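> Make a model of this:
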Amino acid sequence: MTASRFSVRQAAVIGAGTMGRGIVMSLANAGIPVLWLDNNPQMLEQAMDAVAKTNAHNLHLGRIDAAESAARLARVTPVNDYAALAGVDLVIEAVYENLELKQQIFRTLDATLKSSAILASNTSALDIDAIAAVTSRPQQVLGLHFFSPAHIMKLLEIVRGARTAPEVLDAARELGQRIGKVCVVAGNCHGFIGNRMLATYVAEARKMLLEGAWPHQVDAALQGFGFAMGPFRMYDVVGIDLEWRARQLAGVGMDDPLVQVDNALCEFGRFGQKARMGYYRYAEGSRQAEHDPEVDALVQRVAEGLGFRRREIGAEEIVERSLLALVNEGAKILEESIAANSHDIDLVYLNGYGFPADKDGPMAWADGEGVSAILGRLERLQELFGEHWRPAELIRQLAASGKRFADVREGGI
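Residues are numbered from 1 along each chain as shown. This next block holds a predicted model:
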């Protein structure tokens, strides 16, 4: 294999939802011709219209001229079957998070596309190896996890499968740079780097709701630390119903105590900003989140129904538990070589999750606090709240040797 064999001259995108639209624009805006396929022709037509409107908006604002606007649109070609994709160098699948559906698509792509084509999935959490396994070319399968909106957000997580060829990773990095992304290579595990850490952070925020905090209080504390937005405001923006519908579809997780507030909000049609009410209320045409006492009452009902005795939780505890949840999971990710180094973890959090830029990322923040101090704080949380706070083994090793997360490289300290 040579690197040139995998250079991307023409790409294809499967899926015309929000993610597919952003990915198509990322490619087309960088000069890459894109074929676009969706099994719903009407959805694809609407998506093409949305791309045209975004171009018109950028033209109106003076970000691009008329010639560039026309060129961007001309690079996007809707197609109506897989056969039309046979000659592309790269395809990015961007359908909803369902492993069986993605496997079905990859089987078809493998049978249809030329032998040198790279097959990529935009999955945000699913097993890349399970997707690669249904193809005859696992060495040319990887994850390209864009962040929404994909044409604006800078981060691209490049997920290497067990058999992804180094030349294919190089081609993905080169593509990422070409479309103006900050690229981080992640190993294959549930959630990769960013969403695996986010799961622990969000779980802690949800626990604090049940224990005594209010959504607006958690968000205010974390925004006070410097986050672009707190976890509950984030869920309102993304849509609370996405995970709720995924739980219903999978038939898994609906009984988890931590999601009972989310479930209750969704049952009342409070899906977030798009419904003008979620954890907050939103006036017509406004993105301004307004505190809603009805949500506080709902949180209290759910917590008491689950048997929690609520207590006062201050901003300091909110920030401490949220940050240390991130750091402890980040340490496990380093320990397992899911990330090559702590700087990559920080890049993910700075560019994809709104971590305050002046704090340089969660692992750099932890190095600044001192790894020994972090260890002591985690051990205290373990005593108070249980085994899920057990410090990662890497943290113990670093504390014992007087080293920092920044000293860790793949394969050891």
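> Going along the chain, name the strands of the stretch 251-400 of the chain.
For the stretch 251-400 of the chain, no strands are identified by DSSP state E, counting those that start in this stretch.
> before we move on, what about the stretch 101-250 of the chain?
Using DSSP E, counting those that start in this stretch, the strands assigned to the stretch 101-250 of the chain run over residues 118-121, 141-146, 155-160, 182-186.
> would you turn those strands into TSV with mean neighbour count and distance to Glu93?
For glycine as for every other residue, the C-beta is placed from the backbone atoms N, C-alpha and C. As requested, the strands of the stretch 101-250 of the chain are exported to TSV (neighbours: other C-beta atoms under 10 Å; distance: least, C-beta to C-beta, whole Å):
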stretch	mean neighbour count	distance to Glu93
strand 118-121	26	5
strand 141-146	26	9
strand 155-160	25	13
strand 182-186	22	18
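> can you redo these as a markdown table with distance to Leu27 and mean pLDDT?
What follows is these, written out as a markdown table (distance: least, C-beta to C-beta, whole Å; pLDDT from 0 to 100):
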| stretch | distance to Leu27 | mean pLDDT |
| --- | --- | --- |
| strand 118-121 | 12 | 98 |
| strand 141-146 | 10 | 98 |
| strand 155-160 | 12 | 98 |
| strand 182-186 | 15 | 97 |
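> Relative to Arg301, which of those strands is closest?
strand 141-146 (36.8 Å; C-beta to C-beta).
> ok, that closest one: who's next to it in the sheet?
Strand 141-146 pairs in its sheet with strand 118-121 (parallel), strand 155-160 (antiparallel), by DSSP bridges.
> okay if I get those as a markdown table plus distance to Ala373?
Converted to a markdown table, the strands paired with strand 141-146 look like this (distance: least, C-beta to C-beta, whole Å):
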| stretch | distance to Ala373 |
| --- | --- |
| strand 118-121 | 40 |
| strand 155-160 | 29 |
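> With Gly352 as the reference, name the closest of the strands of the stretch 101-250 of the chain.
Judged by C-beta to C-beta, the one of those that comes nearest to Gly352 is strand 155-160, at 3.7 Å.
> can you give me the angle that closest one makes with strand 182-186?
Computed by axes from the mean of the first three to the mean of the last three C-alpha atoms, to 10 degrees, the angle separating strand 155-160 from strand 182-186 equals 30 degrees.
> Touching strand 155-160 from outside, list them.
123, 128, 142-147, 169, 172-173, 176, 179, 181-188, 192-194, 347-348, 351-352 (C-beta atoms under 8 Å, 6 or more residues apart in numbering).
> The same query, at a cut-off of 7 Å, please.
128, 142-147, 169, 172-173, 176, 181-188, 192-194, 348, 351-352 (C-beta atoms under 7 Å, 6 or more residues apart in numbering).
> what does stretch 62-73 give?
28-29, 52, 55, 58-59.
> Which residues are in contact with Tyr280?
233, 236, 289-292 are the contacts of Tyr280 under C-beta under 7 Å, 6+ apart.
> Buried ones from the contacts of stretch 62-73, can you make that a PyMOL selection?
To isolate the buried subset of the contacts of stretch 62-73 in PyMOL, counting by 16 or more other C-beta atoms under 10 Å, use the following:
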select buried, resi 28+29+55+58+59
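> could the contacts of stretch 62-73 go into JSON lines alongside secondary structure and distance to Ala357?
Shown next, in JSON lines, are the contacts of stretch 62-73 (DSSP: H, G, I helix; E, B strand; the rest coil; distance: C-beta to C-beta, whole Å):
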{"residue": "Ala28", "secondary structure": "helix", "distance to Ala357": "29"}
{"residue": "Asn29", "secondary structure": "helix", "distance to Ala357": "24"}
{"residue": "Ala52", "secondary structure": "helix", "distance to Ala357": "34"}
{"residue": "Asn55", "secondary structure": "helix", "distance to Ala357": "30"}
{"residue": "Asn58", "secondary structure": "helix", "distance to Ala357": "25"}
{"residue": "Leu59", "secondary structure": "helix", "distance to Ala357": "30"}
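> quick check, nearest of the contacts of stretch 62-73 to Phe405?
Within the contacts of stretch 62-73, distances to Phe405 taken as C-beta to C-beta reach their minimum at Asn29, with 35.4 Å.
> Show the contacting residues for that closest one.
Asn29 neighbours (C-beta under 7 Å, 6+ apart): 72, 151.
> could you redo the last one with a cut-off of 8 Å?
72, 151, 179.
> Then Val327?
362-363, 365-366, 374.
> Name only those of those that count as buried.
Neighbour-count burial (16+ other C-beta under 10 Å) applied to the contacts of Val327 gives 362-363, 365-366, 374.
> Just the pLDDT for Gln139.
Predicted confidence (pLDDT) for Gln139: 98.
> Identify the spatial nearest neighbour of it, chain neighbours not counted.
Distance criterion C-beta to C-beta, 6 or more residues apart in numbering; nearest residue to Gln139, sequence neighbours excluded, is Ala165 at 4.2 Å.
> what's the answer for Gly305, then?
Using C-beta to C-beta, 6+ apart, the nearest residue to Gly305 is Gln260, at 7.9 Å.
> Enumerate the positions of the helix or strand of the chain with the lowest mean pLDDT that are buried.
When the helices and strands of the chain are scored by mean pLDDT, DSSP states H and E, helix 241-250 comes last with a mean of 88. For helix 241-250, the neighbour count (16+ other C-beta under 10 Å) marks 241, 243-244, 247 as buried.
> right, and out of these, which lies closest to Gly370?
Using C-beta to C-beta, the shortest approach to Gly370 within those belongs to Glu243, at 35.5 Å.
> So that closest one is in contact with Asn263, correct?
No: in this structure, Glu243 is not within contact of Asn263 by C-beta atoms under 8 Å, at 9.7 Å.
> residues shared between the contacts of those two?
Here Glu243 and Asn263 have no joint contacts, going by C-beta under 8 Å, 6+ apart.
> Give me the distance between the closest residue to Phe271 other than its chain neighbours and His145.
Nearest-residue entry for Phe271: Asp241, 4.2 Å, with adjacent residues in sequence omitted and distances by C-beta to C-beta, 6+ apart. To His145, Asp241 is 21 Å away according to C-beta to C-beta, to the nearest Å.
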